[in-house]
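Peer 1: Just need the structure, nothing else, for what follows:
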Amino acid sequence: MIDFKLVPKVAFDEMNRVHAEEVELLNTLEKYLDAKDREGIEKTLDEMLEHTRGHFANEERLMREVNFPPYMMHKSEHDRVLNEFQFVVMDWRNHKDDAMLRNYFLETIPEWLTQHIASMDTMTAQFICMHKGC
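Peer 2: Now for the predicted structure:
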């Protein structure tokens, strides 16, 4: 389980709220994986995919609104992770390899999320706050 208290926080509260939802979904997926509940895994993967698309789209909208200079670099990272995410889900649906799914979503993604928040999201949130207020 991921403890949200250990996830870096940013200056823009809306982003912290979205990150908390993401952590909750990852923890839900872990519960379903532990229980070997295929239906729960499927449902949670769908929710995670929808949430991630919305999360990235909203963050990108905010960056465009404030003309965030490294927008393309940040968006490119979102695109890379979303494509990777979709591939992993498709691969799991074809092969039902729970170990691969567990490794990606419970090791790779939490490490990436922590690093992404601590670097790109921190800078982005500070820039948004400078232009929109916090």
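Peer 1: Flag the shaky bits of this protein, pLDDT-wise.
Peer 2: With pLDDT under 70 as the threshold, the chain has no low-confidence stretch at all.
Peer 1: tell me the contacts of residue 49?
Peer 2: Taking C-beta atoms under 8 Å, 6 or more residues apart in numbering, we find residue 49 in contact with 85, 86, 89. Where C-beta positions appear, they are placed from N, C-alpha and C, glycine not excepted.
Peer 1: ok, 10 Å please
Peer 2: Contacts of residue 49 were listed using C-beta atoms under 10 Å, 6 or more residues apart in numbering, and they are 25, 82, 85, 86, 89.
Peer 1: There's contact between the first one and residue 40 in this structure, I believe.
Peer 2: No: at 11.8 Å, residue 25 and residue 40 do not qualify as touching, with contact defined as C-beta atoms under 10 Å.
Peer 1: All the helices of the protein, in order from the start?
Peer 2: 13-35, 38-65, 71-95, 98-103, 109-116, 122-132 (DSSP state H).
Peer 1: Which neighbouring elements make contact with the first one?
Peer 2: The elements that helix 13-35 packs onto, with contact taken as 3 or more C-beta pairs under 10 Å, 6 or more residues apart in numbering; DSSP states H and E, are helix 38-65, helix 98-103, helix 109-116, helix 122-132.
Peer 1: Turn those helices into JSON lines, including distance to residue 20.
Peer 2: Formatted as JSON lines, the helices and strands packed on helix 13-35 follow (distance: least, C-beta to C-beta, whole Å):
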{"stretch": "helix 38-65", "distance to residue 20": "11"}
{"stretch": "helix 98-103", "distance to residue 20": "22"}
{"stretch": "helix 109-116", "distance to residue 20": "11"}
{"stretch": "helix 122-132", "distance to residue 20": "14"}
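Peer 1: nearest to residue 2, of those helices?
Peer 2: For the helices and strands packed on helix 13-35, distance to residue 2 was read as C-beta to C-beta. The smallest value, 5.5 Å, belongs to helix 109-116.
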